[in-house]
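A.B. asks: Need a 3D model of the sequence below.
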Amino acid sequence: MKVANNSRIRRLGAMLLVGTVLGTSAAPVIAQTAPITPPAVPAASTPAQPQAPATVATATAPSSGTIRSIAIRGAERLEPETIRSYASLTPGQTYTGETLDAALKDLYATQLFADVVITGGETGNVVITVRENPVINRIVLEGNKRLKSDKITPEIKLAPRQIFTRPAVRADVDRIIELYKRQGRFAATVEPKIVQLDQNRVDLVFEIHEGDKSKIQAINIIGNEHFPAGVLRKQMYTKQAGGPLGFLKSNDSYDPDRLAADQQKLRAFYLTQGYADFRVVSALAELTPDRKNFVITYVVEEGPRYKFGKIDAESQIRDLNVAKLKSLIKLREGTWFNAKAVEDTVTSLNQVAGNQGYAFADISPNYDRDADKKLMNITFQAGETPRVYVEHINIQGNTVTRDKVVRREFRVNEGDAFNALKVKRSQDRIQSLGFFQDKLEIKQAQGSTPDRVDLGLDVEEKSTGQLQLSAGYSSLEKFIVSASVEQNNFRGMAQTLSAGINYSRYSKSVQLGFTEPYLFDKQILLGGDVFRRDLNSFNFVGTNRHTTYSQLSTGGDLRLGFPITEFATFGTRYSLIQDKVTLDRATFYTDPDGTGPLAPVCDPLLAGRYLCDEIGTRLTSSVGYSLGFDDTDGLHPTRGQRLIFSQDFAGLGGDVRYVRTQANATKYIGLPRGFVFSAHAEGGYIAPLTSSPGPGRDAIRLTDRFFGTDLRGFDIRGIGPRVIRQNYDLTGALTPLDLKSRSTISEALGGRAYYMGRLELEIPLGAGAKSLGLRPSAFIDAGSVWSLKRPILTNFIGTCVPTSTNTTGTTQTLHPGDNVGCITDTANYTFAPGYSENFFGNSPKPRLSIGIGVNWVSPFGPLRIDLAKALLKQKGDNTKLFSFNVGTQF
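C.D. replies: Here you go, the predicted model:
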C-alpha cells in the first residue's frame, strides 16, 4: 500500500486544517506566523460538511496478511490502547487494504485527530502515527457591538477544554450568523480564527463584522384594486425605511416572523371590509443587489365584497334562550360583512353566558356563504353546557405577599357559582394592589367534573417599596428637592408605612404615616399621620432673597374608611394642626431689636397690612368625610372613572371655623390602537363660619386658602390673587411695572375657590419602547384660583429722613398728594423710595396650558418629565416651562 507515499500530502492537509481560517473566504491567520492559503471551504452561512479522509492504498503490500504488532506514535493526551480501539485493529487480525482504509476513516471520524498516517502494512508491523486536534483554551468574541456577548455565548456549543474540530466551529459560525439575521443584520459575517499556544492548545477567536441592519427599501403590493398600497402598508407591522422620522422607527428592518404576521394583518383588514375570500397568493422578500436592503412583494387576491345576510341564533343553554341571544346580537342584515364585529359578538355572548355561571360556554358562529348574492349568512350556536361552580382558587408566585391578601380581593369564593363578571372584577382589584406584574390574568381550568372550574392566578411580584427623589425648577425658587420612602406592602400584609422629607428654598417638611387596609381582617381601613411643615414665602429685593412670612405647622390626623358597595367607599377623618405664622423681624418690624421707645411691631409700610394681619398662632381642629367611587381597572387605568367628594368642618374646638368642600372626577377611555384618553376635573370652595375680622381682611386666613393644584405650565402658587409691588424711584415717580423682573416683589394670597381641568392623551409606542417602560402623553391643563376679599393696599412714595446736619427736621412718610419738597432737598434729607401695591389675579377666568410629557420606568426608578407652555394667563401669574420627577423602587 502507498500509505507512506501519501503521508506528506495528508500531513500538509491536516496542518492546513488546524492553521487555516475557518471563515468564509478570508485569509487564514496563525499566531506569530505568516498566512497560509487555505483549501476551499463552504461559505460561512452554509453548514460545512466534514471531509472524508483519503483511502489508504499500497502497491507493495500483499492483498492480505496478518497484523503482527500495532505501534502508536504521536499520541499526547490519548492512551495508545484507546487509539487502537478506535482503529478496530488487533494483533493476529487478518487485514486487507480495505481494512486499513476503514481504520483510517474510523480514526478521522472521531474528530480527535488533525492527521493520521498508517504504515507497515507490507510487513504486518503496523504503525499508526497521529497528530491530535488541539484543545480549546478559550473562546473570544471580537467586533460584536450591537449584539452583546451574553446573547451570543449561549449559542456557541464549543467551550474551553473541548477538542477543536472544524465542523463544530462551522456550526457555531452558522448559529452566530442566524442570531444576527434575527436582528435584521443579513450582511453580518463571522470569521473564526485560531491562535496556537503551547501544549497543543489554541484560542478560538470569532471575528464578527456586524454590518448595518437590512432595512425594508420598499413594500410592493400587486393585485389590490379597492385599496391603495399606502392604506394597506399602514395595516402592517413592517414599515418602509426612510422618512423625516425614520431614525425613530424600530420596525423597518427585515424579520421573517414579522412578514408572516403582516400577511395575517392584511387578511384581518380585508375581513373587516367585507372581503371574505381575500387571500395572500405569495409573499416574497428579495435582497437588493448590494445585499444591504430588502424589497418585499405581496401578491394578493381580493375577491368579491360580501354583506351580512340572515342573522340567526340557536341555543341549548337553559338560561340563554334564542330570543335573549338574538337581542344581544348587534349585527344587522344588509350591512357590510365585518369579521371583527362577528368576533366581538362571540366574545360578548360568551361573557354574558359566563356571568350566568357557564364558564365553558361554547358559542360559535356558523357561516353560510352565498357566493351568488354576495351574502354571508351567520347562525350563532350556543352548545349545551352545564352551570359551573368554582372548585379551587390556586395562587402561585406570591413569595412576599401573604396568601390572604390576594384571596380577600377575589369576588368569588370556592363553592360559589362561577361568574365571569366577578372574576374580571377580582382581576382588576388584585391588579390595583400594585404588588404584581402588569396585565395579570386569572385563568380558568376544568375541575374534577364538567361542572367544576379551577381558577388559577400566577403572579410575579414587583418592588412595592419606593424611594422617591423629586426635583423641579421654577423661575422663583430654582431647584426643589424632596425625598420620601414608602413601603406599600409592609410585612406582606398590604400595610403602608411611609416617611418623607421635603427641602427647598420654599419649604421644609417631615412626615410619618401608617395605614392598615384590613383592620382585624375586616374591610375597614385605619390610618394615621404626624407631620411638621415649615413653609417660607419669600421675594427678591434686587438680587437678594428675603423671607416674607413663615408658616410652621405641626399636627396629625386619623383616618377610618370602609366600602359601601363594590365600587363606592366612605371615609372619615379627624385632624389637629397648630399653625404659627411669623414675619422676618429684621425686614418688616419697627424697632426689631426692642431698643427704642416702642415694642417691636409689624410695620404695614414694610410688610403690607395683609401680612401683618396674619401673624399669630392658631389651632385648627377639624373633622371630615369623603365619598368615593372607583371602577377603574388598575394602577394605570385604561377604562372606568374615579369620583371623590369630601368636606371638612373646622371648629370642633380650636381657633378656626370654616367648611371646606372639594370634589374631583376622572374618566378614562380606552381608544383603538392602544391610545388612552382621560378627562379630569376638580374644584373646591371654603365657606367661612365667622365674619371678617376687619376691613380689608378675608374671613379665611391665608394658611387655609386654596392656592391651586399642580397646573403644568405655571409655577408653584403661580396663579390666583396676589399683591405685587410697584416701586417709586429717587425722584418720587412711579416706575413701570415689570412683572418679569426678579426684583419685582410678588406675594400669592390664595383664594376661597378654585377649579382645575385636564385633558390628556396617552400615546402608545412600539414594542421596543414599550418594553422600556415609556408612556408619553399630550395634555391640556386649565384652572383658576379666586374669590378673595380685596385687601387694603399700601401706597407711599417714600420716606424723607433728616441728615445729621439737619437738627430741626423730622422724618416724613410721603403719600400721594403730600408735599414732596424734601425729596429734592438733598442737603437736609435722605430719601428712601417707597412702593405702591397692586392687586391682581382675583378672577375665575381660566389659565390654560398645553404640553407634552413622558412617564418612564427607568433603571433609576419611575421618571416623569413635563414640558408645558402657558397659553392663557392673567396679569401677575408666574409661569414654568419644565419640571421632572424621579424615584427608585426596592
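
A.B. asks: So in this structure, where's the weakest helix or strand by average pLDDT?
C.D. replies: helix 3-19 (a mean of 36; mean pLDDT, DSSP states H and E).

A.B. asks: what residue lies at the spatial centre of the protein?
C.D. replies: residue 773 (1.5 Å; C-alpha atoms, centre = their mean).

A.B. asks: Now do the contacts for the nearest residue to residue 182 once chain neighbours are set aside.
C.D. replies: Of all residues beyond its chain neighbours, the one nearest residue 182 is residue 255 (7.5 Å), with distances taken as C-beta to C-beta, 6 or more residues apart in numbering. C-beta coordinates here come from the backbone N, C-alpha and C atoms, glycine included. For residue 255, the contact set (C-beta atoms under 8 Å, 6 or more residues apart in numbering) comprises 182, 184, 238.

A.B. asks: repeat for residue 213
C.D. replies: 183-185, 253.

A.B. asks: Now, the contacts of residue 255 that are in helices?
C.D. replies: Secondary structure assignment by DSSP state H places residue 182 of the contacts of residue 255 in helices.

A.B. asks: Okay, strands next: where are they in the stretch 251-400 of the chain?
C.D. replies: Secondary structure of the stretch 251-400 of the chain by DSSP state E, counting those that start in this stretch: the strands cover 279-287, 293-301, 307-315, 363-370, 375-382, 389-396.

A.B. asks: What mean pLDDT does the last one get?
C.D. replies: When pLDDT is averaged over strand 389-396, the result is 93.

A.B. asks: Report the buried residues of stretch 515-522.
C.D. replies: By 16 or more other C-beta atoms under 10 Å, the buried positions in stretch 515-522 come out as 515-518.

A.B. asks: how distant is it from the center of its chain?
C.D. replies: 31 Å (C-alpha atoms, centre = their mean, to the nearest Å).

A.B. asks: Average pLDDT for it, rounded please.
C.D. replies: 91.

A.B. asks: what distance separates the start and the end of it?
C.D. replies: 14 Å (C-alpha to C-alpha, to the nearest Å).

A.B. asks: which residues are in contact with that stretch?
C.D. replies: For stretch 515-522, using C-beta under 8 Å, 6+ apart, the contacting residues are 404, 408, 493-496, 524-527, 559.

A.B. asks: Most neighbours of all the residues you listed, which one?
C.D. replies: Comparing the contacts of stretch 515-522 by number of neighbours (other C-beta atoms under 10 Å), residue 494 comes first, having 23 neighbours.

A.B. asks: Now do the helices in the stretch 401-550 of the chain.
C.D. replies: All helices of the stretch 401-550 of the chain, identified by DSSP state H, counting those that start in this stretch, fall at 403-407, 420-432.

A.B. asks: Return the most buried member of those helices.
C.D. replies: helix 420-432 (a mean of 19; mean count of other C-beta atoms under 10 Å).

A.B. asks: can you give me the helices in the stretch 51-200 of the chain?
C.D. replies: Assigned by DSSP H, counting those that start in this stretch, the stretch 51-200 of the chain shows helices spanning 80-87, 97-109, 149-152, 166-182.

A.B. asks: CA atoms only: put the longest one into CSV for me.
C.D. replies: Which is helix 166-182. The C-alpha trace of helix 166-182 is given here as CSV (Å, rounded to 0.1, in the frame of the first residue of the first chain):
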residue,chain,number,x,y,z
ARG,A,166,-13.7,22.1,12.1
PRO,A,167,-17.3,21.0,11.7
ALA,A,168,-18.1,22.2,15.3
VAL,A,169,-16.7,25.6,14.5
ARG,A,170,-18.6,25.8,11.3
ALA,A,171,-21.9,25.0,13.2
ASP,A,172,-21.1,27.8,15.7
VAL,A,173,-20.5,30.2,12.9
ASP,A,174,-23.9,29.4,11.4
ARG,A,175,-25.6,29.9,14.8
ILE,A,176,-24.0,33.3,15.3
ILE,A,177,-25.0,34.4,11.8
GLU,A,178,-28.5,33.2,12.5
LEU,A,179,-28.6,35.4,15.6
TYR,A,180,-27.7,38.4,13.5
LYS,A,181,-30.3,37.6,10.9
ARG,A,182,-32.9,37.6,13.7
